[in-house]
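Trainee: Structure for the following, please:
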Amino acid sequence: MAPDTNALVRSTKNLMEMVDLLGNTSPPEAYDAIAEQLANTRRLLGQLTAPVPTTLCNEHPYGPVDEDARDKCLFCENRRRRGRARDAADARPRSAPCPR
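Mentor: Have a look, this model is predicted:
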């Protein structure tokens, strides 16, 4: 689940406050905390800038779109169509072989 932009703003403000509190005599732990906060802020930014899935399919979220498919996934809809065609072919009565 993607965070909202407010979470990114809060994380960035927290990071800036931590940087403002640094001084020449700051302990190494303060820098470690800033590095951790920076990593968290970058993670939030990455989640906000991630591409939006093109389909509703869990297997192919960024796959090609078939507007007629219930999940908009062309790959899965083709698989379903092949299955329906195979089922229809199996349901047809078989004719007896032609005598020669």
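Trainee: ok, residue 68 - contacts?
Mentor: Neighbouring residues of residue 68 by C-beta atoms under 8 Å, 6 or more residues apart in numbering: residue 77. Placement of C-beta: from N, CA and C, glycine included.
Trainee: now residue 60
Mentor: By C-beta under 8 Å, 6+ apart, residue 60 lies in contact with 73, 75, 76.
Trainee: Which secondary structure state is assigned to it?
Mentor: What DSSP: H, G, I helix; E, B strand; the rest coil gives for residue 60 is coil.
Trainee: measure it to residue 85 for me?
Mentor: Note on residue 60: its distance to residue 85, by C-beta to C-beta, to the nearest Å, is 21 Å.
Trainee: Next: residue 16.
Mentor: 61 Å.
Trainee: Where do the helices of this protein begin and end?
Mentor: Secondary structure of the chain by DSSP state H: the helices cover 5-20, 28-49, 74-91.
Trainee: the bottom helix or strand of this protein by mean pLDDT?
Mentor: When each helix and strand of the chain is scored by mean pLDDT, DSSP states H and E, helix 74-91 comes last, with a mean of 88.
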